[in-house]
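[1] no sequence on this one, just coordinates:
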C-alpha cells in the first residue's frame, strides 16, 4: 500500500534495528483519513473471503479495525489486556508477551462475541514475532470459530511472525512489509509499486 | 441522540445502580456504523466551535473519536494508560482513578501532539465522576492548549462529573444522559425526542 509506505517514510522513525515508531499517525496520534484508506485496502485484500467479525487487540488495533469493519459491514471485537469488573465470567483468554514493552499480558474476549463457526478476520497494527496474532488465533480456535485471515498494518518481515503464520497456512495480508530498520533508514520488502 | 438511546435500551444492561454494561456495541464489541453516527452527531453538537485536535483515552474512547476526527477533518490523539519503551521523555501526564476498575492509572500524552494554542475537543465513552475527563483537561492545560469542549457518548447524570464540568464552564455534550440505573431498568434524563 503505497500511501501507507509513503507515510511511514515521511513520519515513521527507526528507533533501532527492531523498533519503528509510528506514533504520528497510527499508535498514539491517529490519522482518521489514513485509517479509512487502510479499511478499504483490507477490504480489497480479503475480497471473496467470508468474514463475519473482526477481532483485534486494544489499543492500536482498534482504529484500523473499526474502519475495516465499516467497509465489510461486520462488527469489531477488541480483546482486552486486563479484566474489568464488568467483564468476569465466560471469557476466552490467552497470554501475549510484548518484546517492546517487556511484559506479558493476559488478553480476554467475552465468549459470547466469538461464536462457533464464525469466520473471524484478525487485524493488528504490527506483526513482529507473532505473539499478539498467535494469541488472537488461539482465542478464535478456543471459540471453535475459523480464522478467515490475518490483516496487519505494518509487518516487520525480518522477524519470524509473518513467515510462521504463512507457513501454518494462514492468509496473511500486510499493508507494509519492512525488510530492515537501521539508523534513520526504513527499507520495505517489495519496492514494486502496488 | 435517539439512535444511541434506543441501542442502550436494546443492548445495554444495568448491572447495578451505577454500572451500565454496553459491551455489545461500544466498549468490547464495537458497531462501526453506530460509531459513524456518533461522529456525525458530535460534529453537529460542536458546530461553530474551533477544533484542531481530538484527545481521548484508550481504549473505548478511540472508536467514537476516530469517527468524529474523520467528520471534523482533525487528527485524534489517545492518552495511554502506561508508558511504553517507545514513549519516554516529553510527556504530559495525569492520574485517573477508575471507580469501575478500582485502580489508578497514570495517563500520558506526548507533548509534541498537543501544542500551545491548540483547540482540543476531549471525547470519551463514559462520564461518571469525571475522573478521566478531568485528567484529560489537566493534560490540555499543561500543554497551554484550550479545551474546546467535552464530548461524551454516555453520561451518568446521577454522578457528579457532568454537572461539575458544566459549572466550571466547559461545553459538555453528552449523546445519552442516564438519569438512573436499576434492576434491569435504564432511565434517561430527557425523554423529549431530539
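    Received it, and whenever you're ready, just let me know what you need. Owing to the predicted nature of the structure, the values given are computational and were not obtained by experimental measurement.
[2] what does chain A have sitting close to chain B?
    Contacts of chain A with chain B, taken as C-beta under 8 Å from any C-beta of the partner chain, map to A:15, A:19, A:21, A:23, A:28-33, A:35-36, A:58-59, A:62-63, A:65-67, A:69-70, A:73, A:75-78, A:80, A:84-87, A:100-102, A:109-110, A:113. Heads up, the C-betas are built off the backbone N, CA and C, glycines and all.
[3] List buried members of these by neighbour count.
    Buried members of the residues of chain A next to chain B, counted by 16 or more other C-beta atoms under 10 Å in any protein chain shown: A:19, A:21, A:23, A:28-32, A:35-36, A:58-59, A:62-63, A:65-67, A:69-70, A:75-78, A:80, A:84, A:86-87, A:109-110, A:113.
[4] Would you enumerate the residues in contact with residue A:99?
    With contacts defined as C-beta atoms under 8 Å, 6 or more residues apart in numbering or on different chains, residue A:99 is in contact with A:18, A:128, A:129, A:131.
[5] Scan those and report the most crowded one.
    The most crowded member of the contacts of residue A:99 is residue A:128, carrying 24 neighbours; neighbours defined as other C-beta atoms under 10 Å in any protein chain shown.
[6] Tell me how far that one lies from residue B:78.
    Distance check for residue A:128 against residue B:78: by C-beta to C-beta, to the nearest Å, it reads 21 Å.
[7] Show me where chain A has its strands.
    For chain A, applying DSSP state E gives strands covering A:13-14, A:20-21, A:29-30, A:53-57, A:76-79, A:91-98, A:103-110, A:119-127, A:146-156, A:172-182, A:185-188.
[8] got JSON lines for these, with mean pLDDT too?
    Below are these laid out as JSON lines (pLDDT from 0 to 100):
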{"stretch": "strand A:13-14", "mean pLDDT": "95"}
{"stretch": "strand A:20-21", "mean pLDDT": "95"}
{"stretch": "strand A:29-30", "mean pLDDT": "98"}
{"stretch": "strand A:53-57", "mean pLDDT": "98"}
{"stretch": "strand A:76-79", "mean pLDDT": "98"}
{"stretch": "strand A:91-98", "mean pLDDT": "90"}
{"stretch": "strand A:103-110", "mean pLDDT": "89"}
{"stretch": "strand A:119-127", "mean pLDDT": "98"}
{"stretch": "strand A:146-156", "mean pLDDT": "98"}
{"stretch": "strand A:172-182", "mean pLDDT": "97"}
{"stretch": "strand A:185-188", "mean pLDDT": "95"}
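[9] any chance of the ones you listed in CSV, with distance to residue B:188 too?
    Formatted as CSV, the entries for these read as follows, by distance: least, C-beta to C-beta, whole Å:
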stretch, distance to residue B:188
strand A:13-14, 47
strand A:20-21, 43
strand A:29-30, 31
strand A:53-57, 30
strand A:76-79, 26
strand A:91-98, 31
strand A:103-110, 26
strand A:119-127, 34
strand A:146-156, 38
strand A:172-182, 42
strand A:185-188, 50
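[10] how close does the spatially most central residue of chain A get to chain B?
    Most central in chain A under C-alpha atoms, centre = their mean is residue A:124, positioned 1.2 Å from the mean C-alpha point. Residue A:124 sits 14 Å away from chain B when distances are taken as C-beta to the nearest C-beta, to the nearest Å.
[11] Which strand residues bridge that residue?
    According to DSSP bridges, residue A:152 are recorded as the beta-bridge partners of residue A:124.
[12] what sits against it?
    Going by C-beta under 8 Å, 6+ apart, residue A:124 touches A:56, A:57, A:60, A:61, A:132, A:133, A:136, A:150, A:151, A:152, A:153.
[13] What of residue A:118?
    Contact partners of residue A:118, counting by C-beta under 8 Å, 6+ apart, are A:52, A:53, A:140, A:143, A:145, A:146.
[14] Give me the buried positions along the longest helix anywhere in chain A.
    Criterion DSSP state H: the longest helix present in chain A is helix A:32-45. Neighbour counts over helix A:32-45 (16+ other C-beta under 10 Å) mark A:32, A:34, A:35, A:36, A:37, A:38, A:39, A:41, A:42, A:43, A:45 as buried.
[15] Who wins on neighbours among the contacts of residue A:118?
    For the contacts of residue A:118, neighbours were counted by other C-beta under 10 Å; the highest total belongs to residue A:140, with 23 neighbours.
[16] and the gap between residue A:94 and chain B?
    Applying C-beta to the nearest C-beta, one obtains 16 Å for the distance of residue A:94 from chain B.
[17] Residue A:189 too?
    22 Å.
[18] I'd guessed that residue sits against residue A:179; true?
    Yes: contact criterion C-beta atoms under 8 Å: residue A:189 and residue A:179 qualify, at 4.7 Å.
[19] Can you pull the residues that touch both of the two?
    residue A:157.
[20] can you count the residues close to the closest residue in space to residue A:11 that isn't next to it in sequence?
    Using C-beta to C-beta, 6 or more residues apart in numbering or on different chains and skipping residues adjacent in sequence, the residue nearest residue A:11 is residue A:24, 3.9 Å away. Applying other C-beta under 10 Å, we find 20 residues neighbouring residue A:24.
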